[in-house]
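> When you get a sec, could you give me coordinates for this:
(one chain, ligands or ions: 1)
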Amino acid sequence: MRLILLGAPGAGKGTQAERIAAQLNIPTISTGNILREAIKNGTPIGLQAKGLIDQGKLVPDDVIIGIVRERLAKADCANGYILDGVPRTIPQAQALLEQGVEIDRVVSIEIADEVIEGRMTGRRVCGTCGASYHIVANPPKTEGICNSCGSELMIRKDDKPETVRHRLAVYHQETEALKGFYENLGKLRLVNGDQPIEAATRDILAALGE
Ligand code: AP5
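Numbers count the residues shown, from 1 in each chain. Reported below is the predicted structural model:
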């Protein structure tokens with residue numbers, strides 16, 4: 001299965017990608033997590049991305065296309081993958097097509113802007129492995145500690161309400177048009193993201209025919 005998860009910031013892409021990846025035994029490629037790791041390690045890409053991410057702006061297409069090309073070339077992608085948060089613009093989607101990146105299904109997780117803010121204020125993320133939690137909807141087993149790797153959880157800098165509002169505006173301006181792009185290719189399915197996490201996973205698996 002080669003899957004793209006689309007959706008607004010906070011729609012639940014990372015949460016669902018983790019669950020679907022475990023179920024189908026395929027890797028998740030999250031450009032957000034890759035960029036945050038690059039920032040942590042102070043790489044040239046990280047230095048370029050930091051200010052943009054903190055302001056809720058998109059990282060340039062050529063940087064993202066390079067990151068994805070490099071990641072998809074790794075052996076663990078041979079049997080499928082989940083692209084989480086990429087593509088994010090029409091040029092990124094076109095680049096994937098031109099590079100012959102195979103996509104079987106595109107699932108857009110649908111959620112109203114009004115629901116997003118509550119999700120973001122309750123979000124806690126693992127600074128080490130990138131796992132995402134919510135203090136009410138999806139709490140870790142031990143408060144403040146990642147279930148997967150035992151590291152401390154933190155609040156993302158770009159989850160401040162004013163930055164979230166900007167990220168939502170960017171989503172509507174740049175990313176939402178991808179639904180039409182993939183609908184024209186006959187690959188798009190819509191799933192309701194405003195329901196319990198388990199129910200959304202069930203609907204995504206159904207949309208994949210699993
Ligand atoms: P990225 O990390 O991809 O952020 P995003 O797309 O804005 O998405 P989020 O990670 O905020 O949300 P999500 O949909 O994964 O939701 P989650 O599952 O965590 O990108 C960050 C930045 O990097 C971008 O702004 C940009 O600068 C840059 N970037 C990345 N990719 C790029 C690209 N391709 N091109 C250019 N720039 C790029 O859930 C959110 C919260 O809700 C969590 O607390 C979760 O526990 C909770 N939750 C999830 N599902 C439910 C549910 N069903 N019910 C209740 N709560 C739920």
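
> Going by C-alpha atoms from here, please, whenever you check contacts or count neighbours.
Noted.

> which parts of this structure sit against the ligand?
By the rule Cα under 6 Å from any ligand atom, the part of the chain lying against the ligand is 9-15, 31-33, 52-53, 56-60, 64, 85-88, 119-120, 122-124, 132-134, 137-138, 167, 193-197.

> go with 5 Å
Within reach of the ligand by Cα under 5 Å from any ligand atom, the chain has these residues: 9-15, 31-32, 53, 56-59, 85-88, 119, 123, 133-134, 137, 195-197.

> Which of those residues fall within strands?
Among the residues of the chain next to the ligand, the members falling in strands (DSSP state E) are Arg123, Tyr133, His134.

> Next up, the contacts around Pro9.
Ile116, Val164, Arg167, Leu168, Tyr171 (Cα atoms under 8 Å, 6 or more residues apart in numbering).

> just Cys149 next, same as before
Thr128, Cys129.

> how about 7 Å then?
Cys149 is in contact with Cys129, counting by Cα atoms under 7 Å, 6 or more residues apart in numbering.

> In terms of pLDDT, where does it sit?
For Cys149, the pLDDT comes out at 94.

> Next: Gly209.
Reading off the model, Gly209 has pLDDT 88.

> That one: neighbouring residues, count only.
7 (other Cα atoms under 10 Å).

> how far away is it from Arg202?
Gly209 is 11 Å from Arg202, where distance means Cα to Cα, to the nearest Å.

> any shared contact partners between these two?
With Cα under 7 Å, 6+ apart as the test, Gly209 and Arg202 reach no residue in common.

> What is the burial count for Ile29?
By the measure other Cα under 10 Å, the count of residues near Ile29 is 22.

> so who does it touch?
Counting by Cα under 7 Å, 6+ apart, Ile29 makes contact with Ile82, Leu83, Asp84.

> do the same with Leu52
Contacts here follow Cα under 7 Å, 6+ apart; on that basis Leu52 touches Leu58, Val59.

> what does the model give it for pLDDT?
pLDDT for Leu52: 96.

> now swap in Lys57 and tell me
pLDDT, Lys57: 96.

> What sits closest to Leu47 if chain neighbours are left out?
Distance criterion Cα to Cα, 6 or more residues apart in numbering; nearest residue to Leu47, sequence neighbours excluded, is Ile39 at 6.1 Å.

> Please tell me how far the residue with the largest distance to the centre of the chain sits from Ala131.
No residue in the chain sits farther from the centre than Thr142, which is 24.5 Å out by Cα atoms, centre = their mean. Taking Cα to Cα as the measure, Thr142 falls 14 Å from Ala131.

> try Pro140
Taking Cα to Cα, one finds Pro140 at 10 Å from Ala131.

> How about the contacts made by Tyr182?
Here Tyr182 is in contact with Leu188 (Cα under 7 Å, 6+ apart).

> Which secondary structure state is assigned to it?
Recorded secondary structure, Tyr182: helix (DSSP: H, G, I helix; E, B strand; the rest coil).

> on that earlier part again, neighbour-wise, which of the ones in strands among the residues of the chain next to the ligand leads?
Using other Cα under 10 Å as the neighbour criterion, Tyr133 leads these with 24 neighbours.

> Please list all residues in contact with the residue lying closest to Pro139 once chain neighbours are set aside.
Spatial nearest neighbour of Pro139, excluding adjacent residues (Cα to Cα, 6+ apart): Tyr133 at 5.7 Å. Residues in contact with Tyr133 (Cα under 7 Å, 6+ apart) are Arg123, Arg124, Val125, Pro139, Pro140.
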